[in-house]
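Peer 1: here are the coordinates; sequence isn't available:
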Ligand code: NI
Ligand code: MN
């Protein structure tokens, strides 16, 4: 297997190379080499991300119709799984239409799953703290400090182990101290964190979140979609990298990156 597949941006190659050198320099007994997970991460703007490997696709919070970034139409999405963090429109988005057209299974909290099932959607209900194996790996449902958008429901986030790449999608949330516990429970490769402020934690709090989660890499989300959540992802990047030495990857809406388990545990 080639170390770097075709089409990987130079910055990504340099990043992986840097980590490979660091791993070698650390000389940790039993440390495996950096692996290519062969997983694509696609950003659709706001808090919409998809993971893809081969024939398997998973999308988080598919808000496409009405998403001002307009990088894809809901009709273009072909997916096997839809993970929904809560029922606010900028997260539930086009879930029902996409699930009905594709037959995708929606993984979400119990109350929202029940509502979606009543609309004829295939669902897998879960609860905060629960973990479940799927054919791509597993999903752990994490707490989120945020409204659910549905009576009696709760907002959540997800840790997804997707063909060996561990991604934490925080959903909409304020900062909470148990992110430190999550960092102990899961060796997170990529943390997708809101930085927009107003509705969720802002950039300063997100820096503290990174310090607790200790991921290998951070990707900011939920900013610059409207004036209330205007933020500079570059300032956030500089703050995290300077204070914590953890790299931040700022993705542009419509961009796809190859991701991998950046350092084996
Ligand atoms: Ni929300
Ligand atoms: Mn939101």
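Peer 2: Alright, I've got the coordinates. A quick note: this is a predicted structure, and the numbers were derived from the prediction, not measured. Ligands and ions are numbered 1, 2, ... in the order given.
Peer 1: count the residues that sit near residue 76.
Peer 2: By other Cβ atoms under 10 Å, 9 other residues sit near residue 76. (Each C-beta comes from the backbone N, C-alpha and C, glycine too.)
Peer 1: hmm, who's touching the strand or helix carrying residue 184?
Peer 2: Using DSSP states H and E, residue 184 sits in helix 179-185. For helix 179-185, contacts defined as Cβ atoms under 8 Å, 6 or more residues apart in numbering pick out 140, 142, 159, 168, 188, 209, 212-215.
Peer 1: between those residues, which is nearest residue 92?
Peer 2: Taking Cβ to Cβ as the measure, residue 92 lies nearest residue 142 of these, at 18.1 Å.
Peer 1: beta partners of the closest one?
Peer 2: residue 157 (DSSP bridges).
Peer 1: so where is the stretch 151-265 of the chain shaky, pLDDT-wise?
Peer 2: Counting by pLDDT under 70, the stretch 151-265 of the chain shows low-confidence ranges at 263-265.
Peer 1: enumerate the residues of it near ligand 2.
Peer 2: When proximity is defined by Cβ under 5 Å from the ion, the stretch 151-265 of the chain lies next to ligand 2 at residue 172.
Peer 1: and if we set it to 8 Å?
Peer 2: Those residues of the stretch 151-265 of the chain that sit near ligand 2, judged by Cβ under 8 Å from the ion, are 172, 194, 199-200, 222.
Peer 1: need phi/psi at residue 57.
Peer 2: Main-chain torsions, residue 57, degrees, to the nearest 10: phi -130, psi 140.
Peer 1: could I get the pLDDT score of it?
Peer 2: On the pLDDT scale, residue 57 is placed at 98.
Peer 1: hmm, it is touching residue 78, no?
Peer 2: Yes: using Cβ atoms under 8 Å, residue 57 is in contact with residue 78, at 6.5 Å.
Peer 1: which one of those two is surrounded by more residues?
Peer 2: residue 57 (20 against 14).
Peer 1: understood, closing this out.
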